[in-house]
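Colleague: Need a 3D model of the sequence below.
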Amino acid sequence: MTEQALTFTVNNKELLAISHLGLKQNNTGVLIVVGGPQYRVGSHRQFVQLSRTLATQGISSFRFDCTGMGDSYGDKKGFDHIGDDIKAATDAFLKMQPHLQKVVIWGLCDAASAALIYAYQDERINGLVLLNPWLRSEQAMGKTMVKHYYLQRLLSKGFWKKLCRGKVNVAASARDAKGFVKDSLIADEQSINSYQARMLSGLQSFDGKVCLILSGEDLTAREFDQQTKASKTWQKLRNDHNEIHRLAHADHTFSSVEFKKQVATITAEFVKHL
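Modeller: Alright, predicted model coming up:
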């Protein structure tokens, strides 16, 4: 397994990356896009471990610090404005490993959202691995909180014991619940330029294959699942061409050794079968 640090340039800013060479040189590589306040290592070294595991499966990968993050220069951008970073990273990846013909973008949370926004614009991208994509809206958050938080509280013995002992602020809880119900009933009037609309447009325009991985113990995953299930416009995500994997007990970042291994296995199998 070969790992090499390198730099590449985006809008006159130097970005740092680590390239991993797969042992068997599969002709499809994995570009790991980092989301949130993270850098190329990832939470609990997830991206390092993923890249090294993929390399043992013959799959090359490339992980990098976005503009303004980690060891890369510049001012941090919002996840929905890192298309230039993704394109330049893809260029650098393919230049570094010329045996590659296609690229799968791998992203967690808002990096998955960024991947959906970008992928259709680049014919070199033939697959997406999307983990707990960020699709937050006031309407979705209201529905998710009502369904997965307040309903569960009402069904909890602990809640009723606290209520009987006077340890629950009923008025405050009622106000919060009322607010979330109100939000859940507000019509979703997303502008054509919202990141949610751009994600949907990206999905509809993307000709490659999608592998969706959702955590069972994560509100972000539940919001995404709830919104896309309820909307006919998102149904392309659930056609036979794509894959959906649900890890019932995983948290948002798949932090346990077991769940990181499952994610790596799913990713490797997806890439090999493209």
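Colleague: Quick check: mean pLDDT of stretch 133-153?
Modeller: What stretch 133-153 shows for mean pLDDT is 60.
Colleague: going forward can the numbers begin at 5, since that is how I track them
Modeller: Will do, 5 is the new start, and the previous item becomes stretch 137-157.
Colleague: these two touch, right, Leu216 and His249?
Modeller: Yes. The pair formed by Leu216 and His249 meets the contact definition of CB atoms under 8 Å, at 7.0 Å. Where you see a C-beta, it was placed from the backbone N, CA and C, and this is true even at glycine.
Colleague: Mind checking which of the two has more residues around it?
Modeller: Leu216 (22 against 15; other CB atoms under 10 Å).
Colleague: For that one, give me its contacts.
Modeller: Leu134, Pro137, Leu241, Asn246, Glu247, Ile248, His249 (CB atoms under 8 Å, 6 or more residues apart in numbering).
Colleague: For those residues, name the two members farthest from one another.
Modeller: Maximum pairwise distance among the contacts of Leu216 (CB to CB): 14.3 Å, between Pro137 and Glu247.
Colleague: Please say which of these two ends up with more neighbours.
Modeller: Using other CB under 10 Å, the more surrounded residue of Pro137 and Glu247 is Pro137, with 30 against 16.
Colleague: one step back: what about the contacts of Leu216, which are in strands?
Modeller: The members of the contacts of Leu216 that map onto strands under DSSP state E are Leu134, Glu247, Ile248, His249.
Colleague: Among the residues you listed, which one sits closest to Phe210?
Modeller: Closest approach to Phe210 among the ones in strands among the contacts of Leu216 (CB to CB): Leu134, at 11.0 Å.
Colleague: Double-check that closest one against Ala116; I have them as touching.
Modeller: Yes. Judged on CB under 8 Å, Leu134 makes contact with Ala116 at a distance of 3.9 Å.
Colleague: residue contacts, Val214?
Modeller: Applying CB under 8 Å, 6+ apart to Val214 gives the contacts Gly131, Leu132, Leu134, Leu207, Leu241, His245, Asn246, Glu247.
Colleague: Reformat those residues as TSV; add distance to Ile270.
Modeller: Converted to TSV, the contacts of Val214 look like this (distance: CB to CB, whole Å):
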residue	distance to Ile270
Gly131	12
Leu132	13
Leu134	11
Leu207	19
Leu241	16
His245	16
Asn246	13
Glu247	8
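Colleague: Closest one to Val267 out of those residues, please.
Modeller: Distances from Val267 to the contacts of Val214, taken by CB to CB, are shortest for Leu134, at 11.6 Å.
Colleague: What number of residues are in the vicinity of Lys106?
Modeller: Counted with other CB under 10 Å, residues neighbouring Lys106 total 17.
Colleague: my bad, Asp75
Modeller: Using other CB under 10 Å, Asp75 has 14 other residues around it.
Colleague: Helix, strand or coil: sort out it for me.
Modeller: coil (DSSP: H, G, I helix; E, B strand; the rest coil).
Colleague: Can you verify my assumption that it contacts Asp69?
Modeller: Yes. Assessed by CB under 8 Å, Asp75 is found in contact with Asp69 at 5.5 Å.
Colleague: what do these two both touch?
Modeller: Common contacts of Asp75 and Asp69, defined by CB under 8 Å, 6+ apart, comprise Leu20, Tyr43.
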